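K.L.:
Here is the input, now give the coordinates:
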Amino acid sequence: MKKSRAKISHISYWLPEAILTNEALAAEYDDWDVKKIFLKTGISERHIAAADECASDLGIAAAKKLFQEASFDPAAIDFLLFCTETPDYFLPASSCIMQYRLGLRKDCGALDFNLGCSGFVYGLAIAKGMIENNLAENVLLITADTYSKLIHPQDRSVRTLFGDGAAATLIVNTNESREFIGPFVFGTDGQGAQKLIVPAGGFRLKSNEETSRARIDEAGNMRAPENLFMDGPEIFNFSLKEVPRAVTRLLEKTNLTIDEIDYYVFHQANRFMLEHLRKKLKIPAEKFCINMESYGNTVSATIPMALALAQSRGEITTGNLIMLVGFGVGYSWAAALVRI
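P.N.:
Numbers count the residues shown, from 1 in each chain. Purely as a prediction, here's the structure:
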């Protein structure tokens, strides 16, 4: 029997209608400079979900767009993976609700997994394992987050960076002999969990009157324990240490060199960090994706969005060998090779 091989067939993405520009942010605070925000982050604007718009809503819109663009029958999906850190509920799993709303078959599996900036690469690994072990034929991987709902409006340390968005990726069984997804390398360091966290609201520290009270930190940022906290310098140091190691491990695993990879798509965290990583790894600028100007850091959706945009612009073509690297909250990181 011919071995099953998983392949990315199509990627679509969806963004909320509302837009928060650098000009709007600068207008809120006298000491904010539009040009400085862009030079440091590489972001001009970010899309913000409406008050009644959840990550699942964005993911469903992305999936419907995918079915239309790819002329793909939703009835052929036999597993739905949903990666988010902003689910609709503690329970049930948002993927179950999405299965119903998308009209997928009742014998379709559905699974949520909570992982942020490395989530897309982890999701590809799960989808590959299912398809190549004959557990599924067509997997729909949806990555969506609405970090704006976690951010205090006066927390300038994160408000410039994050936007909301979703991507839907169709992974199919090709029945071909060549490998299209993989190999992978993974990494985890839970010691860094407190560096990017929403401290309150779960069962470790339930929401109460005290956790909802915002305070100003030493840098002048306002937030409550129920809001997103990020230690930017520590996240930067972690990324500069672990991402090059992951890239090196993957190259060693495949006996390839930096120059033999056609294109690199890293998690689109911010321009400042990505430029440091590119220079440290000595990756040519023309092979390295920096594409967040109109979207911001959309967390789990940044890599598939960047892939779709690069493909539409002709920066990558069919058959190219691409390295994907996700890294961030957890700490968690993962890298993989794919052929589109």
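
K.L.:
show me the contacts for the most centrally placed residue in the chain.
P.N.:
Central residue of the chain (CA atoms, centre = their mean): S300, 1.7 Å from the mean position. Applying CB atoms under 8 Å, 6 or more residues apart in numbering to S300 gives the contacts C83, T84, E85, L115, G116, C117, G119, F120, T143, A144, D145. All C-beta atoms are positioned from the backbone trio N, CA, C, and that covers glycine.

K.L.:
residues in contact with whatever helix or strand V247 lives in?
P.N.:
Take DSSP states H and E as the rule and V247 turns out to sit in helix 232-254. Here helix 232-254 makes contact (CB under 8 Å, 6+ apart) with 157, 183-185, 187, 189, 192, 195-196, 257-258, 266, 269, 273, 276-277, 280-281, 323, 325, 327-328, 331, 333-337.

K.L.:
how about it: buried residues?
P.N.:
For helix 232-254, burial by neighbour count (16 or more other CB atoms under 10 Å) applies to I235, F238, S239, E242, V243, A246, V247, L250, L251, T254.

K.L.:
now stretch 152-162
P.N.:
Of the residues in stretch 152-162, those buried (16+ other CB under 10 Å) are H152, D155, R156, S157, V158, R159, T160, L161, F162.

K.L.:
end to end, how far does it reach?
P.N.:
End-to-end distance for stretch 152-162, by CA to CA, to the nearest Å: 12 Å.

K.L.:
Touching, L309 and M292? I think so.
P.N.:
No - L309 is not in contact with M292 according to CB atoms under 8 Å; the separation is 10.0 Å.

K.L.:
which of the two has more neighbours?
P.N.:
Using other CB atoms under 10 Å as the criterion, L309 and M292 rank with M292 on top: 26 against 19.

K.L.:
separation between the residue nearest to that one when sequence neighbours are not counted and T317?
P.N.:
Of all residues not flanking M292 in the chain, Q268 sits nearest, at 4.3 Å (CB to CB, 6 or more residues apart in numbering). For Q268, the distance to T317 (CB to CB, to the nearest Å) stands at 21 Å.

K.L.:
Ramachandran angles for the closest residue to V329 other than its chain neighbours?
P.N.:
Distances taken as CB to CB, 6+ apart place G116 nearest to V329, at 3.9 Å, with adjacent residues excluded. For G116, the backbone dihedrals (degrees, to the nearest 10) come out as phi -90, psi -110.

K.L.:
Just the pLDDT for G116.
P.N.:
Each residue has a pLDDT score; the one for G116 is 95.

K.L.:
try A214
P.N.:
pLDDT, A214: 96.

K.L.:
Contacts only, for it.
P.N.:
By CB under 8 Å, 6+ apart, the residues touching A214 are H152, Q154, M222, R223, A224, N227.

K.L.:
now, which of those residues lie within strands?
P.N.:
M222, R223 (DSSP state E).

K.L.:
what angle separates the strand or helix carrying F120 from helix 232-254?
P.N.:
According to DSSP H and E, F120 maps onto helix 119-132. Helix 119-132 runs at 30 degrees relative to helix 232-254, counting by axes from the mean of the first three to the mean of the last three CA atoms, to 10 degrees.

K.L.:
start at 44 instead
P.N.:
Sure thing, new numbering starts at 44, so read that last one as helix 162-175.

K.L.:
Now do helix 162-175, average pLDDT.
P.N.:
Helix 162-175 comes out at a mean pLDDT of 98.

K.L.:
which strands and helices sit next to the helix or strand hosting V308?
P.N.:
Applying DSSP H and E as the criterion places V308 in strand 306-309. Here strand 306-309 touches helix 314-324, helix 345-355, strand 364-371, going by 3 or more CB pairs under 8 Å, 6 or more residues apart in numbering; DSSP states H and E.

K.L.:
Pairing partners for the shortest one, with directions?
P.N.:
When you say that, I think you mean strand 364-371. For strand 364-371, the pairing partners within the sheet under DSSP bridges are strand 306-309 (parallel), strand 375-382 (antiparallel).
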